[in-house]
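Trainee: Starting from these lines, generate the structure:
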Amino acid sequence: MHTVWEDFLKIAREELGSRVVETWFKAVAMMRWDQIHKCVYLQVPNAFVHNWLEKNYRSIFQIHLGRLLNSADIKVVFVNAQKNSTDTGVAKDMTLVDQDDAALSIKTYRPAQMIPYRIKSGAAITKIPERHSQINKQFIFDTFVVGPSNKLAYAAARAIAQKPGNLYNPLFIYGDSGLGKTHLLHAIGNAIQESNKDALVLYQTADRFVSEFISAIRFDKIHRFQKKYQLVDVLLIDDIQFISNKDTTQEAFFHIFNSLYDAHKQIVFSSDTFPQNIAGIAERLRSRLASGMVTDIHQPCIEVKTAILKRKAESSGEVLDDDVAHFLALQALNIRELEGSLIRVIASAHLTKEKITLDFARRVFSSDERHCVHEPVDCKSVIKAVCKHFPYTFEELKSQNRNQDLVVARQVAMYLMKKNTDKSLREIGAFLGSRNHATVKHAISKIEQQVCENSKLQKHIDLIEKELVR
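Mentor: Here you go, the predicted model:
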């Protein structure tokens, strides 16, 4: 029975993604299999998990457990481990419906029951433990290099650090990855904590917020979750775009936002795009995100990148000549790549006991080009590569057009996404025009079969994959 359940989890992970399995299915245990009545008994931790699985994944259990047990039309019975626990009250407040596998699937979430916390002056409160703040002490304003590309964002960040909750609330900073948005969020937190030791500052990534919210509902700790966020004085949310298409999480965050905003608590967001361009965000939440100060960070100019390199080298006890710093600045597009370039050069110099000169830096990068480590592939990069080799746009790949050549291109994209990314079948389907996981699975199987029979297609796919790792 244990082997059957482990095999089921492998199948579920393939179809639904590891996040669904780890969050929900790992909380389930297969108790017994009644072969005579064709009934499998699954133990669940509480009524909420019971109802959620019953509504969303009963068919998954029936189909795959039935196949693994060599029995058609099996019955699935969920047995609550805590029949009389208070979590049955939680289930009454939530109506469950289907949603994507990366988010909680709830139709009715009732944050109106959130208890308002109004802390009077001098009142004793239970502070969020320091480990929850997640503030990086190394990211401060003094180490942030200011230039034309980030001047406005820097000025706004310093202003709210001096008067949190009074100016530019919320502050929304957007720009490409690796340009310093996270640095500014931590710098705000550090500056506020330095001026007010009692201030409760919480830095949180959006994906961690989602996971925490799901866990709170699953283990009946919503009250503690709400209290944690209502007590903070400054909330710093990084990569807010990751709550896209997670309706229930957005609902919860919407009410947390209102609670903090009404209490004049400072809220800061970062994102990779302008608020109005974030897809999958409820309009009322989108309006909240853009209701304060919105500022962006551009790619830094060569002078700023050079200055950043020299400052970071100094903090590491090294001195870079201007020509070396200029050369390294040309090798990177953003701040993270700059740091990587500098680390490689300094580490190589220490290992070889050579002085960091322009010629030495060139040798390091010449060697690095032969042994470079590429960034992880994502769905967007797969689409970009596929569109270079097939005469179709992303919109056409997402469309319902059944043109034969277009279908092949679409199936190749699905095949490469599954092979080169960690996305589940459902995530791939959602990315390519809201297609279901069965469609994606069929497409992948089709391409796997064709590459064995069609050498021309195999070569075509090989060329695309080379494009992905350039």
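
Trainee: residues contacting Phe365?
Mentor: By CB atoms under 8 Å, 6 or more residues apart in numbering, the contact list for Phe365 reads 331, 341. No exception for glycine: its C-beta is placed from N, CA and C like everyone else's.

Trainee: Does it lie in a helix or a strand, and which?
Mentor: helix 358-370 (DSSP states H and E).

Trainee: State the number of residues packed around Glu314.
Mentor: 11 (other CB atoms under 10 Å).

Trainee: For Leu171, see how far away Ser271 is.
Mentor: Separation of Ser271 from Leu171 (CB to CB, to the nearest Å): 12 Å.

Trainee: And the pLDDT for the most centrally placed residue in the chain?
Mentor: Centroid check for the chain by CA atoms, centre = their mean gives Asp207 as the closest residue, at 4.3 Å. At Asp207, the pLDDT value in this model is 87.

Trainee: wait, what's in contact with the residue lying closest to it once chain neighbours are set aside?
Mentor: Computed as CB to CB, 6 or more residues apart in numbering, the closest residue to Asp207 that is not its neighbour in sequence is Phe242, at 4.7 Å. Counting by CB under 8 Å, 6+ apart, Phe242 touches 205-207, 210.

Trainee: possible to save these as TSV with distance to Glu194 and secondary structure?
Mentor: Shown next, in TSV, are the contacts of Phe242 (distance: CB to CB, whole Å; DSSP: H, G, I helix; E, B strand; the rest coil):
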residue	distance to Glu194	secondary structure
Thr205	23	strand
Ala206	26	helix
Asp207	28	helix
Val210	30	helix
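
Trainee: In a markdown table, list those residues along with distance to Ile256.
Mentor: Compiled in a markdown table, the contacts of Phe242 are given as follows (distance: CB to CB, whole Å):
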| residue | distance to Ile256 |
| --- | --- |
| Thr205 | 15 |
| Ala206 | 12 |
| Asp207 | 16 |
| Val210 | 13 |
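
Trainee: just to revisit the earlier point, where's the residue nearest to Asp207 relative to Val319, distance?
Mentor: Relative to Val319, and taking CB to CB, Phe242 is found at 40 Å.

Trainee: what about stretch 444-463, how long is it end to end?
Mentor: 18 Å (CA to CA, to the nearest Å).

Trainee: Oh, that last question was meant for stretch 150-170, not what I typed.
Mentor: 18 Å.

Trainee: What lies in contact with that stretch?
Mentor: Applying CB under 8 Å, 6+ apart, the set of residues contacting stretch 150-170 is 141, 144, 146, 171, 173, 175, 179-181, 184, 187-188, 191-192, 195, 199, 233-234, 257, 261, 264-269, 288-289, 291-293, 295-298, 300, 304.

Trainee: Could you rerun that using 7 Å?
Mentor: Here stretch 150-170 makes contact (CB atoms under 7 Å, 6 or more residues apart in numbering) with 141, 144, 146, 171, 173, 180, 184, 187-188, 191-192, 233-234, 261, 264-269, 289, 291-293, 295-297.

Trainee: again, but for stretch 329-347
Mentor: Residues contacting stretch 329-347 (CB under 7 Å, 6+ apart): 176-180, 299, 302, 305-306, 308-309, 312-313, 316, 318, 328, 356, 361, 364-365, 368.

Trainee: That stretch: which residues count as buried?
Mentor: 329, 331-332, 334-335, 338, 340-342, 344-346 (16 or more other CB atoms under 10 Å).

Trainee: got the CA positions of it in PDB?
Mentor: What follows is stretch 329-347, C-alpha atoms only, in PDB (Å, rounded to 0.1, in the frame of the first residue of the first chain):
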ATOM      1  CA  ALA A 329      31.300  47.000 -16.300                       C
ATOM      2  CA  LEU A 330      31.000  46.100 -20.000                       C
ATOM      3  CA  GLN A 331      30.600  42.400 -19.300                       C
ATOM      4  CA  ALA A 332      27.400  42.700 -17.200                       C
ATOM      5  CA  LEU A 333      23.900  44.000 -17.800                       C
ATOM      6  CA  ASN A 334      22.700  44.400 -14.200                       C
ATOM      7  CA  ILE A 335      24.000  44.700 -10.700                       C
ATOM      8  CA  ARG A 336      23.900  41.000  -9.900                       C
ATOM      9  CA  GLU A 337      26.000  40.200 -13.000                       C
ATOM     10  CA  LEU A 338      28.400  42.900 -11.900                       C
ATOM     11  CA  GLU A 339      28.900  41.300  -8.500                       C
ATOM     12  CA  GLY A 340      29.400  37.900 -10.200                       C
ATOM     13  CA  SER A 341      32.000  39.400 -12.500                       C
ATOM     14  CA  LEU A 342      33.900  41.000  -9.600                       C
ATOM     15  CA  ILE A 343      33.800  37.900  -7.500                       C
ATOM     16  CA  ARG A 344      35.200  35.800 -10.300                       C
ATOM     17  CA  VAL A 345      38.100  38.200 -10.900                       C
ATOM     18  CA  ILE A 346      39.000  38.600  -7.200                       C
ATOM     19  CA  ALA A 347      38.700  34.900  -6.500                       C
END
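
Trainee: i'd like the first residue to be 38 from this point on
Mentor: Fine by me, first position is 38 from now on; the one you just mentioned is stretch 366-384.

Trainee: gap between it and the chain center?
Mentor: 25 Å (CA atoms, centre = their mean, to the nearest Å).

Trainee: How is the protein divided into domains?
Mentor: 39-147, 170-333, 339-407, 416-505 (automatic domain parsing).

Trainee: weakest of those domains by average pLDDT?
Mentor: domain 39-147 (a mean of 72).

Trainee: Check the domains of the chain for me and report the most buried one.
Mentor: domain 170-333 (a mean of 19; mean count of other CB atoms under 10 Å).

Trainee: who's in contact with Phe397?
Mentor: 386, 391.

Trainee: rerun that using 10 Å as the cut-off
Mentor: Contacts for Phe397 (CB atoms under 10 Å, 6 or more residues apart in numbering) come out as 361, 382, 385-386, 389, 391.

Trainee: Check Val114 too.
Mentor: Val114 neighbours (CB under 10 Å, 6+ apart): 68-69, 71, 74, 76-80.

Trainee: Helices of the stretch 188-337 of the chain, start to end?
Mentor: Ranges of helices in the stretch 188-337 of the chain, per DSSP state H, counting those that start in this stretch, are 188-199, 218-232, 243-255, 259-268, 284-299, 320-326.

Trainee: Would you mind saying which of these lies nearest Asn107?
Mentor: helix 243-255 (32.0 Å; CB to CB).

Trainee: What is that closest one packed up against?
Mentor: Packing contacts for helix 243-255, counted by 3 or more CB pairs under 10 Å, 6 or more residues apart in numbering; DSSP states H and E, involve helix 55-60, helix 84-93, helix 124-129, helix 259-268, strand 271-275, helix 284-299, strand 303-308.

Trainee: ok, and what's touching the helix or strand that the first one is followed by?
Mentor: Remark: after helix 55-60, the chain's next helix or strand is strand 66-71, criterion DSSP H and E. Outside of strand 66-71, the residues within contact range by CB under 10 Å, 6+ apart are 38-39, 41-43, 45-46, 76-82, 98, 102, 105-106, 108, 111-112, 114, 116, 118.

Trainee: ok so, going back, list just the nearest of the contacts of Phe397 to Lys417.
Mentor: Within the contacts of Phe397, proximity to Lys417 (CB to CB) peaks at Val382, which comes in at 30.2 Å.
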